[in-house]
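Enquirer: What follows is a predicted structure for the sequence shown.
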Amino acid sequence: MGDGKGLKIPKFHTPSAFETKHTHASIVLGNCSLVERTRTVVELGCGNGVVLVLIALLNPFVEKLIGVDINPKACDVAREFVRINSLEDRIEIINMDIKNVCDQIGHDFADLVVFNPPFHISGKVSKEKKRFLERNKDVFEDFVVAAHNILNNRHRFCLITSPNNILTYSTILMNNKMIPKFLTPVYGKKNSESKLVLIEGIKNGKLQGFRVKKPIFLDEIRVSTISGD
């Protein structure tokens, strides 16, 4: 994946009764999670389901996609989003804590796991910066442990986050045998600082360093959607 011009944004229906927000992070993650010979995909913290819908529409060979989220309202939105795009036979939404995801779908289930972990745990940053960082790390590790448990051995994971988190998150990933292999910087526009970074890796991969791919420029992306039932 190179710059924003390489991103494919298919038209999809959004529920008229809900505020379905598709962020740049969701658009990038939904596009850059493409991989051949993938049959099962799980998204941890799926929110309103935009990433799952994009992956399903762009990858007709993917047979089963499962989204997991602890927020029941977000799951309701995601199910409606899936329904109006006629993807109920391929996408399933599960309302549960990601810590318990193996109880529902089992170990070594997915060919690909994707997630967009919260950059911050709450909308208000703690006055105690050290304490806030610890909370952020704990939540991210929950995502990584869950991803490792449900991902098939030597298969791929993909996540998107802030560049500020790269060092901390890379350490947590490697400590859990989720080895980063590719890094793609994402820019709002040229001549600006990177706002997001896409990290792709392999469960139980070899420690051989990672490659940096061509950047994505968000100002070159054109998103088209169709609203209403």
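Expert: Thanks, I have it.
Enquirer: list the contacts for the residue positioned nearest the centre of the chain?
Expert: Central residue of the chain (Cα atoms, centre = their mean): Phe115, 2.9 Å from the mean position. Residues near Phe115 by Cβ atoms under 8 Å, 6 or more residues apart in numbering: 43-45, 143, 147, 157, 159. C-beta here means a position set from N, CA and C on the backbone, and glycine is covered the same way.
Enquirer: Now the phi/psi pair for it, please.
Expert: phi -160, psi 150 (degrees, to the nearest 10).
Enquirer: Go through the contacts of Phe115 and flag which are in strands.
Expert: 43-44, 157, 159 (DSSP state E).
Enquirer: Now that we have those residues, which of them are buried?
Expert: Buried residues within those, counting neighbours by 16 or more other Cβ atoms under 10 Å: 43-44, 157, 159.
Enquirer: To which secondary structure element is Leu183 assigned?
Expert: Element membership for Leu183 (DSSP states H and E) is strand 178-187.
Enquirer: my bad, should have said Leu57
Expert: Under the assignment here (DSSP H and E), Leu57 is part of helix 50-58.
Enquirer: Give me the sheet partners of the next helix or strand after that helix and which way each runs.
Expert: Downstream of helix 50-58, the first helix or strand assigned by DSSP H and E is strand 64-69. In the sheet, strand 64-69 lines up against strand 40-44 (parallel), strand 91-95 (parallel) (DSSP bridges).
Enquirer: roughly how far out does the last one sit from the chain middle?
Expert: Right, strand 91-95. Put simply, strand 91-95 sits 15 Å off its chain's centre (Cα atoms, centre = their mean, to the nearest Å).
Enquirer: residues in contact with it?
Expert: 46, 49, 52-53, 56, 64-72, 75, 78-79, 82, 101, 104-105.
Enquirer: Report the buried members of those.
Expert: 46, 49, 52-53, 56, 64-69, 75, 78-79, 82, 101, 105.
Enquirer: give the contact list for Leu151.
Expert: Leu151 neighbours (Cβ under 8 Å, 6+ apart): 42, 108-110, 112-113, 157, 203.
Enquirer: Check Lys206 too.
Expert: For Lys206, the contacting residues are Ile179, by Cβ under 8 Å, 6+ apart.
Enquirer: Understood, closing this out.
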